[in-house]
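1. Next one to model:
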Amino acid sequence: MKRLSLLTLIFAALSLIFLLLLIFFRVPFQLQPLMSWQDALDVLTPLVLIPIYWLMFRFSASGRPTLVDEIAFLALAVLWVMGHSLHLSANSISNLVEALQRSGEIDITGTSIYTLTYFYDELLSHYLWHIGIIGFAALLIYREWRQPAGQATVWWQALLGGLLYGFTCFCIFLEGNTVAIGLPFTLIIVLISLIWGRSRLKQQPVLAFFFVSCLVALLFLAGWFLYWGDFRPFSAAGLL
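-> Residues are numbered from 1 along each chain as shown. Predicted structure coming up:
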């Protein structure tokens, strides 16, 4: 059954939707007008993506996961959800504060309240969340590397999924100001895949998916740096 390549493609598509495209739903949520539809839909993000992570984790290897593997998965899931939840609430409050400032109703952007909210929104939550994202990728690659499931890579799914997820990672690392961890990780995965894993790519769909993803993200990051001379986020470049 060639389910691993399909799982990675589904994961990539859902990640694109929930990690990037929800920004286009920043309109008032009728049940709670202080929230946006982006906030309301974002509540579903871990409920959708963590089970997909589990399925990839479960089927990426031929044997059952060890106790250490399962503890690692649970720890990363907690970190991932903690970072996402912190970001969801702090980002929602930041958006409200900025909307109130633009409307002239009240401006607290120069207060310690906004400074603390900004720290939770743009720094702490992003690093917790993105360390979880990177950790999950490393765990899935390690588990498949150690005990391959014996499934052939479906290359069109790996390439399409890798393109979608690579672009998603480029965007979240850049806008999340976490290039400091995202760039080294993508480079390491690309090098490992090319130097030690090249012969494994045809029979390890998860490795193939993350290799393509990391290569795409790396190329986008390199192109962005060559154009701007730094890793300024989209908002600082005037693109959001």
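2. C-alpha only now, for contacts and for neighbours.
-> Will do.
3. Using neighbour counts, pick out the buried residues of the longest helix that the chain contains.
-> What stands out as the longest helix in the chain, according to DSSP state H, is helix 67-103. Neighbour-count burial for helix 67-103, counted by 16 or more other Cα atoms under 10 Å, picks out 69, 73, 76-77, 79-94, 97-98.
4. Quick one: mean pLDDT for whatever helix or strand residue 49 lives in?
-> Using DSSP states H and E, residue 49 maps to helix 45-59. Helix 45-59 shows an average pLDDT of 97 in the prediction.
5. contacting residues around residue 218?
-> 170, 183, 186, 187 (Cα atoms under 8 Å, 6 or more residues apart in numbering).
6. remind me which residues of this structure are low pLDDT?
-> Where the chain drops to pLDDT under 70, the residues are 1-2.
7. Does residue 108 touch residue 114 like I think?
-> Yes: using Cα atoms under 8 Å, residue 108 is in contact with residue 114, at 6.5 Å.
8. Report the set of residues contacting both of these two.
-> Here residue 108 and residue 114 have residue 97 as joint contacts, going by Cα under 8 Å, 6+ apart.
9. Of the two, which one has the most company?
-> When neighbours are counted by other Cα atoms under 10 Å, residue 114 comes out ahead of the other of residue 108 and residue 114, with 18 against 13.
10. What is the strand or helix carrying the more buried one packed up against?
-> Residue 114 belongs to helix 112-118 when assigned by DSSP H and E. Secondary-structure packing of helix 112-118 (3 or more Cα pairs under 8 Å, 6 or more residues apart in numbering; DSSP states H and E): helix 67-103.
11. Return the set of buried residues in the helix holding residue 49.
-> 45, 46, 49, 50, 52, 53, 54, 55, 56, 57, 58, 59.
12. Tell me who's in contact with the fourth one.
-> In this structure, residue 50 makes contact with residue 77, judged by Cα under 8 Å, 6+ apart.
13. Could you rerun that using 10 Å?
-> By Cα atoms under 10 Å, 6 or more residues apart in numbering, the contact set of residue 50 is 11, 56, 77, 80, 81, 136.
14. correct me, but the fourth one touches residue 53?
-> No: under the criterion of Cα atoms under 10 Å, residue 80 lies out of contact with residue 53, with a separation of 11.1 Å.
15. so what sits against both of those two?
-> Joint contacts of residue 80 and residue 53 (Cα under 10 Å, 6+ apart) are 46, 133, 136.
16. quick one on the thing from earlier: now for the contacts of residue 50: which two are most distant?
-> The most widely separated members of these, counting by Cα to Cα, are 56 and 81 (17.5 Å).
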